Structure formats: structure tokens, C-alpha cells
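>>> Dropping a prediction and its sequence here:
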Amino acid sequence: MNILIFLIILLIINLPTVNGQIGLRSGWEIIDTDFDEDIFSIISTEDEQIWGFGESGLMIASNDKGNSWEKKESITENNLTASDYLDGTILVSGTNGTVLHKVQDNAWNIINIPDENVDIKGVALSSTDSYFVIGHNGIIWHYDGLEWDNISFSDNQNYNSISFIDGDGLNGIIVGEDGIILTTLDGGINWERIDFPSVRDENLISLQLLSDSRAYATTENGHIIVSRGLDTSIGFDWDLVNNESFAGNSDGLINNVEVVNSLKIIISGQNNIIATSKDGGNTFEFHNLSLLPLDQEFILNDLVMVDGFCGVASGSDGVILKTILDDNGYCSEGLDQSIGFEIEDFNKFGEFIEKYSGWMLEGLIATMKIVAFGIIIGFLIGIILAMCKTAPTSLKDMVESNLEKMLLLTWLVIPLSVISSKISNNSSTGIIVFFSISLILLIINLAKNRKSDNSGEKEGFIGLIVPKKHRILFIRFLGISLLIGQPIGAYNIRGSLFLIIESMMLLSELNLHGIDNIFAPIGDPRAFLYLLLGVMITIPSLLLITFTGSYGAVEIPYPNGNKIKVEPWKIRPLNSVATIYTDIFRNTPLIVQFLFLHFGIEIGKRIEESAAEFFVNIPFLVDIFSDRIYLSAICALAFNSGAYQCETLRGAIAAIPSGQMEAGRSIGLTYLQTMRLIIIPQAIRICIPPLGNEMVNLVLNSSLAMVIGYTELTRQGKLINAITFQITWTWGMVMISYFIVTWTLALILRRIEAKTRIPGLGIL
């Protein structure tokens with residue numbers, strides 16, 4: 001048998017490999033032209049015609065996506081340095097106040113600005129009869145189709161780029177030196193300066209508005225900023241894109257940003273730099289222009305993408321570059337192309353391990369990071385949910401024993417939280433206020449109880465006690481406040497009735513019919529949440545409003561004289577909430593939860609943005625919360641594991657004799673104290689084996705994080721296999737890595753189980 005195993009291993013190690021070499025060619029090609037003037041600006045029209053403008057009034061055009069060019073007759077000898085296009089109108093500007101325009105198939109016309117001493121830096125069309133030009137020393141000129149109007153500022157700032165949203169004409173942005181950003185919402189009549197400290201001392205060199213919800217700008221040092229226009233109009237709020245490809249480059253190389261869509265961005269610069277990002281500017285893939293026979297003194301001036309894949313670039317000495325076609329006849333996007341596809345040669349397993357063991361180690365560390373936090377957070381969620389599921393607190397208990405707490409929560413804590421949230425226009429503030437006030441009240445109540453000479457639970461809360469003769473009245477008022485809320489004024493608080501009405505109106509707009517309504521939570525999650533919350537609050541609200549002092553059963557009649565007997569006062573709210581949570585996460589696939597949490601509700605992005613706002617003065621904490629994929633992976637694993645650990649812990653709690661809870665309460669401990677000091681420690685010792693099994697499953701389930709792009713162990717294996725095609729070696733390494741982690745974890749858990757075993761419990 002040992003000989004057979006040895007032969008199998010020997011066969012695996014000596015599997016044949018494919019030999020070869022890897023070649024590259026540039027994704028760009030040089031187009032032959034018969035002119036040698038510098039080409040400073042290049043644009044494309046919707047019919048894929050391309051225009052170029054340059055030195056000494058040079059005008060060139062191409063009607064075949066840049067394959068051939070025709071030199072046009074120029075009407076100026078000044079350098080043409082900037083251009084823009086909108087709905088058949090081409091606008092060009094240059095030195096000495098030169099401005100030219102061409103409408104549809106008409107001839108070019110000169111419409112120079114009155115000040116001939118201005119070298120115009122940027123132009124933009126807000127509409128086909130409304131033009132803007134900008135320059136140094138705060139120069140802004142507006143053309144209304146008849147004449148120019150000087151709307152310059154007196155701040156002497158140098159402006160570099162201007163852009164308007166195509167088809168809108170109202171939203172526009174100007175950027176320039178010292179991080180200056182100007183934005184307008186009325187077509188350029190009024191401009192407002194926006195301060196963005198992250199680029200305050202940098203030169204914003206290029207700008208492009210993609211839509212009314214996305215704009216990008218770049219500094220000459222490679223920093224990229226984005227305005228998403230989610231909560232405010234475009235251009236008012238900016239975020240610094242985290243990228244390491246250009247950030248910190250102090251050579252001033254970047255001169256253009258071309259935004260293809262919300263994720264695809266192309267950066268170009270003077271030292272033959274072209275790079276493409278397909279994730280919104282976080283990472284870039286460089287184009288290798290060194291593979292082309294370009295002069296060392298060549299300067300790249302401008303770049304335009306015709307259709308998102310085919311592009312044209314222009315530079316000094318009349319050089320024009322065009323994206324090549326790949327092997328399938330499609331435009332290459334300018335990305336480097338492999339000459340053939342060949343696999344690395346690994347004659348020895350040791351060479352393979354030496355090269356890719358580091359990749360595996362990175363994947364293993366990434367896996368352990370999300371697993372560790374997933375276990376910790378999942379365990380905390382499981383403990384909380386298990387305590388909620390086993391909590392005996394019913395609606396009757398809440399009204400009978402905790403009325404004062406409910407009144408303070410409903411009439412003080414929640415209103416203050418909502419008001420603070422609306423004043424600050426930030427939901428995080430409301431959450432912080434809610435927990436802060438709640439914590440303060442609990443501390444005050446604890447201090448008052450300790451001063452009391454009596455042991456056990458104290459009546460009332462923080463010294464407040466509702467008199468018995470008024471309890472029914474207060475209970476009914478509480479029900480009314482929960483049902484109606486405070487619907488008047490700027491700081492209104494909607495009750496459950498308003499939540500239901502509003503949610504039904506929103507859901508009706510989805511135009512769903514019949515069984516299609518089961519998808520309503522996806523069509524409008526906020527409306528469905530309002531509906532669910534409204535129903536959950538309305539039921540106890542109606543009970544409180546109709547309360548007469550009796551907690552008996554309610555009989556509901558139905559045909560033939562029969563009656564249904566229900567006991568609403570025995571409903572356990574905490575148990576209901578925990579049950580809904582566990583049912584959702586235990587009855588849906590984990591891979592779907594990964595995709596929904598990351599790409600659907602974008603939980604990682606929301607945590608990242610909240611952390612950046614909350615920890616604005618603590619950079620290292622902002623960095624910790626900056627990886628949204630990592631955060632989404634942790635949340636998916638923790639939420640799913642928490643649901644399973646909840647059921648495991650609930651079963652363990654149920655296994656503890658009820659007499660221990662009674663004994664704890666009889667000596668003056670509260671329910672939470674009894675759970676914390678007596679029940680939970682025993683329950684954890686009982687359920688260590690099933691919890692250990694869940695933790696091992698968590699390690700294995702972490703491989704699903706690769707579906708959202710997280711570079712854990714399995715994704716690293718997939719990348720290595722795609723490069724080397726060493727299937728057995730690659731997946732063997734992955735399998736062994738997982739085994740080492742899970743086996744080590746199992747050994748640790750066995751040791752813990754042996755040390756914490758309750759004497760006399762079990763047969764072992």
C-alpha cells in the first residue's frame with residue numbers, strides 16, 4: 001500500500017509541463033501622416049468623426065476612426081490648444097484669445113474674445129449657443145450666440161479645465177491651480193467655490209463630467225478626485241480616490257483624464273504615460289508605449305476614446321497613435337497584447353513553489369483576516385440573538401414591569417435621536433445620540449439601584465414610577481404615540497400608521513401584481529422596511545390603545561359561530577426579531593448573501609464612507625476601513641455565521657436546567673445578570689463542539705468571498721492556475737493550506753473542550 005501511494009505521488013510531481021515564451025506588443029500603433037506640427041487637442045463626434053487641432057492653426061480630420069487623416073484649411077495662425085463638441089457644434093480655442101466654432105456642416109467662423117492677450121486654457125459648450133472659455137488670472141468669458149460677456153473673478157486664480165454635462169447645460173465645473181473648484185447649477189450665471197482640502201495645494205489639470213451623478217478630475221501629480229452627486233448636486237462633494245499607481249508622483253506628468261463610464265477611466269501624460277482603470281480609478285494598468293518607435297523627445301498631448309474601446313492619441317511633431325485591433329478584430333482599448341498565449345515552464349515542483357508560495361501566503365493571510373473577524377463578530381451576534389430567542393420578556397412583561405423604560409424610550413430617547421439626526425443631516429449622529437442617551441440612563445438607574453437598601457430588581461426606572469391609578473392612561477397614550485408619532489413640523493416623527501401608508505404608496509408604484517409582490521423587498525427595500533416596521537409596531541400599538549387592564553386571550557369570530565383564540569400579550573418581541581434574522585440567513589445561500597451585501601446594498605462602501613466621515617481626524621482608522629471588499633466579506637461571513645451560532649447557543653441554553661435561572665433570580669440577580677454569570681458560561685462549555693464545527697465551516701465558506709473580488713486563498717489559486725495551468729500543483733497547494741488552517745483550529749478547539757468539560761456531563 002505504501003509503495004502504491006509513493007508511485008502516485010511520484011506520478012503527480014512528474015506530470016509534463018508546457019514550455020513556451022511570452023511576447024508582448026503595444027496596444028497602440030503609429031499612424032502615418034504628412035504633417036509635423038504639434039497636435040494639442042483632439043475630439044470625436046457622435047458620428048465617429050475625429051478632429052485634431054494644433055500648432056499654427058493646424059486642423060485635421062478623420063472619418064475612419066483615425067486610420068487616415070486629412071489636413072483642413074485653417075483660418076488662423078495661432079496655436080489651437082483646447083476643443084469641445086456638443087450636438088454638431090465644434091468649439092476650438094487657442095492663444096491670443098482665439099476662438100473658432102463650426103456648426104454642423106457649415107464653415108469655420110472666428111469669434112475671438114475681446115481680450116487678445118489671453119491664452120485660453122479650456123473651453124466648454126453648455127449648449128449649442130452657449131460657450132465658455134477660461135484662462136489664467138481668473139479669466140472666464142461667456143458667449144450667448146451673439147456676443148461675449150466677461151464674467152471673470154478677481155481672485156487671480158489660474159483655471160485649467162472646464163466641463164458641462166452634455167444635454168444638461170446647467171451643471172458645470174471649473175478646476176485650476178491650488179485645488180480650486182468652481183461649480184454652477186444655473187448654466188454658468190453664478191459660480192460657487194468648493195473647498196476640498198485633500199488637493200488644496202495641488203494643480204487640478206483636467207476635468208470631465210460624465211453625467212449628473214459622476215465627475216472626475218485629476219491633479220498633475222496623479223491624484224484623482226471624484227464627485228458622485230448622490231446626496232447633493234454634482235460638484236459640491238468630492239472624494240479622493242485611493243490609487244497607488246499615480247498618487248504622489250511629483251513629476252507633473254499627468255495632463256488629461258478621459259472618462260468612458262463610471263468605472264473605466266484613462267489617464268494620459270507627457271512622458272508617454274497612458275493607463276487604464278476599470279474600477280473607478282483605484283488601480284491602473286499601464287500601456288507600454290516604449291514598444292513603439294517613438295522619439296525620446298515625443299510628448300503626448302491629448303487622448304480621446306471614440307466608442308469606449310477604440311481610441312486616438314495625439315502628440316508632438318504631428319504624431320498620431322491609434323488603438324490596434326486584437327486577434328478577434330476588436331479594438332484593444334490600447335492595452336498591451338500578448339503574442340500568443342503560452343505557459344511558463346516548470347520542470348521542478350520546487351521552482352513552482354518558490355515562485356508562487358508568496359501568492360499562497362498572501363491569500364492565506366487574507367483568508368485568516370476575514371475568518372478571524374467573522375468568527376468574533378459572528379459569535380457576538382450569535383450570543384445576542386440566542387439571548388433574544390430565549391428571553392421570556394413578552395408584551396405583558398414590557399407593559400407590566402418596564403412601562404417607565406418604554407415611556408422614556410418612546411418620548412425622550414427616540415425623539416432626541418431623530419431630531420439630532422435631522423439637524424446634522426447625518427443618520428450616524430442619530431444612532432450615536434440614541435446609544436449615548438440610553439447608556440447614560442442605564443448608568444443612572446444602576447447607580448440609584450446600588451444606593452437602595454433593598455436587593456433585587458427595583459420598581460420604576462431612574463427613580464420614575466407611574467402611579468397605579470394612572471398606568472392604564474399612560475399605556476393608552478403610549479399606544480397612540482407609537483401609532484401616530486409626532487407628524488407635525490420639521491422634526492416630525494412618523495408613527496407606524498404613517499409608515500404603513502407611505503410604504504404602501506411607494507410599493508404601489510412598482511406596478512407588481514399577484515405573486516410578483518414577493519419581490520417587492522428588492523424593488524424598494526426602504527419602503528418594504530417601512531412596511532415591516534409599521535406592521536410590527538402597529539400590532540402592539542393597537543393592543544396598548546385598547547388596553548383595559550386585562551392581559552387575557554382575544555377571541556376572533558369567524559363563520560359558523562366558531563372562534564379563534566389568540567394570546568397577543570404573550571408575543572415575545574425579542575424572540576420574533578431574532579427568529580426573522582436567523583430564518584433569512586439560514587434559508588438563503590451564502591454566495592447569494594455575499595453578492596447581495598456587496599453589490600446590492602453595498603454594505604462595504606457604506607461602512608467605508610461612514611468611517612471616513614466619523615474618523616475624519618484619525619487617518620489610520622480611515623485606512624483600516626478603506627477596503628470595501630474586505631468589509632463586505634467580513635459582514636457576509638459574520639452575519640451568516642451569527643445565525644447558525646445563534647441556534648447552537650440557543651440549544652445549549654435550553655439544555656441548562658430551568659432551576660438555575662430561578663435560583664439566580666431568587667438571589668436578586670436580574671435576567672441579564674443571571675444569563676451573563678450563570679447560564680451563558682455553562683452553555684458555551686456545552687456547545688464548544690458544535691461551535692467548533694461552525695468555525696471550521698466558516699473557514700471553508702470563506703472561499704466564496706472570491707465572487708466579490710476578495711483575494712483570499714481560493715482566488716489566489718484561481719489566478720495561479722490561470723497563469724501556469726498547473727492544475728494539480730495549484731489546487732493541491734490550496735487544499736493543503738485549508739487543511740492546515742482547519743486542522744489547527746480543530747486541535748485548538750479539542751484542547752479547549754477538554755479543559756472546559758463539565759464534570760459528569762456526557763458519556764466521555
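Arrived safely.

>>> Could you use CA atoms for every contact and neighbour count after this?
OK.

>>> Pull the number of nearby residues for Ile50.
Ile50 has 21 neighbours, counted by other Cα atoms under 10 Å.

>>> So what does it look like in phi/psi?
phi -120, psi 130 (degrees, to the nearest 10).

>>> and it, what are its bridge partners?
Ile50 has the following beta-bridge partners by DSSP bridges: Ser44, Ser62.

>>> can you pull the contacts of it?
Residues near Ile50 by Cα atoms under 8 Å, 6 or more residues apart in numbering: Ile42, Ile43, Ser44, Ala61, Ser62, Asn63, Lys65, Gly66.

>>> Now, of the residues you listed, which are buried?
Among the contacts of Ile50, those classed as buried by neighbour count (16 or more other Cα atoms under 10 Å) are Ile42, Ile43, Ser44, Ala61, Ser62, Lys65, Gly66.

>>> I figured the fifth one was touching Thr45, is that so?
No: under the contact definition of Cα atoms under 8 Å, Ser62 does not touch Thr45, with a separation of 10.7 Å.

>>> tell me the domain boundaries of this protein?
Partitioning the chain according to automatic domain parsing yields domains covering residues 56-286, 352-372+588-764.

>>> so how far is the shortest one off the chain centroid?
What it means is domain 352-372+588-764. Mean-position distance between domain 352-372+588-764 and its chain equals 22 Å (Cα atoms, centre = their mean, to the nearest Å).

>>> And the average pLDDT for that domain is what?
Averaging pLDDT along domain 352-372+588-764 yields 84.

>>> Equivalent analysis for stretch 378-388, please.
For stretch 378-388, the mean pLDDT works out to 90.

>>> residue ranges for the strands of the stretch 151-300 of the chain, please.
In the stretch 151-300 of the chain, the strands defined using DSSP state E, counting those that start in this stretch lie at 159-164, 172-176, 181-184, 192-194, 204-211, 214-219, 224-227, 239-240, 254-259, 265-269, 273-277, 285-286, 300-305.

>>> Make a markdown table out of those strands and add mean pLDDT, distance to Ile501 and mean neighbour count.
Shown next, in a markdown table, are those (pLDDT from 0 to 100; distance: least, Cα to Cα, whole Å; neighbours: other Cα atoms under 10 Å):
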| stretch | mean pLDDT | distance to Ile501 | mean neighbour count |
| --- | --- | --- | --- |
| strand 159-164 | 91 | 40 | 26 |
| strand 172-176 | 91 | 39 | 27 |
| strand 181-184 | 90 | 38 | 22 |
| strand 192-194 | 86 | 40 | 15 |
| strand 204-211 | 83 | 34 | 24 |
| strand 214-219 | 85 | 34 | 25 |
| strand 224-227 | 85 | 35 | 23 |
| strand 239-240 | 80 | 37 | 15 |
| strand 254-259 | 81 | 43 | 25 |
| strand 265-269 | 85 | 44 | 23 |
| strand 273-277 | 86 | 45 | 21 |
| strand 285-286 | 84 | 51 | 16 |
| strand 300-305 | 90 | 49 | 25 |
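
>>> Rebuild the ones you listed as JSON lines, extending it with distance to Lys565.
JSON lines is the format used below for the strands of the stretch 151-300 of the chain (distance: least, Cα to Cα, whole Å):
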{"stretch": "strand 159-164", "distance to Lys565": "67"}
{"stretch": "strand 172-176", "distance to Lys565": "66"}
{"stretch": "strand 181-184", "distance to Lys565": "65"}
{"stretch": "strand 192-194", "distance to Lys565": "65"}
{"stretch": "strand 204-211", "distance to Lys565": "59"}
{"stretch": "strand 214-219", "distance to Lys565": "58"}
{"stretch": "strand 224-227", "distance to Lys565": "58"}
{"stretch": "strand 239-240", "distance to Lys565": "58"}
{"stretch": "strand 254-259", "distance to Lys565": "65"}
{"stretch": "strand 265-269", "distance to Lys565": "65"}
{"stretch": "strand 273-277", "distance to Lys565": "64"}
{"stretch": "strand 285-286", "distance to Lys565": "68"}
{"stretch": "strand 300-305", "distance to Lys565": "71"}
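
>>> Nearest approach to Ile603 belongs to which of these?
Nearest to Ile603 among those is strand 239-240; the distance by Cα to Cα comes to 17.9 Å.

>>> show me where pLDDT drops low in the stretch 301-450 of the chain?
Within the stretch 301-450 of the chain, the set of residues satisfying pLDDT under 70 comprises 339-347.

>>> All the strands of it, residue numbers only.
Counting by DSSP E, counting those that start in this stretch, the stretch 301-450 of the chain has strands at residues 311-315, 320-323, 337-339.

>>> Distance to Arg676 and mean neighbour count for those - can I get that in TSV?
Output for the strands of the stretch 301-450 of the chain, formatted as TSV (distance: least, Cα to Cα, whole Å; neighbours: other Cα atoms under 10 Å):
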stretch	distance to Arg676	mean neighbour count
strand 311-315	66	25
strand 320-323	67	24
strand 337-339	63	15
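
>>> Dump these to CSV, plus distance to Asn96.
Listed next are the strands of the stretch 301-450 of the chain as CSV, based on distance: least, Cα to Cα, whole Å:
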stretch, distance to Asn96
strand 311-315, 22
strand 320-323, 26
strand 337-339, 43
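
>>> right, so of the ones you listed, which gets closest to Gly479?
Of all the strands of the stretch 301-450 of the chain, it is strand 311-315 that lies closest to Gly479, at 65.7 Å by Cα to Cα.

>>> Who does the closest one pair with, and is each partner parallel or antiparallel?
Sheet pairing of strand 311-315 (DSSP bridges) gives strand 300-305 (antiparallel), strand 320-323 (antiparallel).

>>> That one to strand 273-277, inter-axis angle?
Following axes from the mean of the first three to the mean of the last three Cα atoms, to 10 degrees, one obtains 150 degrees for the angle between strand 311-315 and strand 273-277.

>>> Work out the gap between strand 311-315 and the centre of the chain.
33 Å.

>>> one step back: which single one of the contacts of Ile50 is nearest to Glu73?
Of all these, Glu73 sits closest to Ala61, with 10.8 Å by Cα to Cα.

>>> For the stretch 351-500 of the chain, which segments count as helices?
Applying DSSP state H, counting those that start in this stretch to the stretch 351-500 of the chain gives helices spanning 395-401, 403-408, 414-424, 427-451, 471-484, 496-508.

>>> outside of the second one, which residues touch it?
Right, the one you point to is helix 403-408. For helix 403-408, contacts defined as Cα under 8 Å, 6+ apart pick out Met398, Gly460, Phe461, Leu464, Ile465, Val466, Ile475, Leu478.

>>> List the buried residues in it.
Result for helix 403-408 [16+ other Cα under 10 Å]: buried residues Leu403, Glu404, Lys405, Met406, Leu407.

>>> what does the fifth one give?
By neighbour count with 16+ other Cα under 10 Å, helix 471-484 contains the buried residues 471-472, 474-484.

>>> again, but for the last one
When burial is assessed from 16+ other Cα under 10 Å, helix 496-508 yields the following buried residues: Ser496, Leu497, Phe498, Leu499, Ile500, Glu502, Ser503, Leu506, Leu507.

>>> Please apply the same query to the fourth one.
Buried residues in helix 427-451, counting neighbours by 16+ other Cα under 10 Å, are found at Ser428, Thr429, Gly430, Val433, Phe434, Ile437, Ser438, Leu441, Asn445, Asn449.

>>> I'd like those as CSV, with distance to Thr579 appended.
Formatted as CSV, the buried residues of helix 427-451 follow (distance: Cα to Cα, whole Å):
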residue, distance to Thr579
Ser428, 26
Thr429, 29
Gly430, 27
Val433, 28
Phe434, 24
Ile437, 28
Ser438, 25
Leu441, 28
Asn445, 30
Asn449, 33
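
>>> In terms of distance to Ile376, which of those residues ranks first?
Nearest to Ile376 among these, with distances taken as Cα to Cα, is Ser428, at 23.5 Å.

>>> Most neighbours among the contacts of helix 403-408, which one?
Using other Cα under 10 Å as the neighbour criterion, Ile475 leads those with 24 neighbours.

>>> quick one: contacts for the nearest residue to that one once chain neighbours are set aside?
The spatially closest residue to Ile475, leaving aside those adjacent along the chain, is Leu544, at 5.8 Å (Cα to Cα, 6 or more residues apart in numbering). By Cα under 8 Å, 6+ apart, the contact set of Leu544 is Ile475, Arg476, Leu478, Gly479, Ile480.
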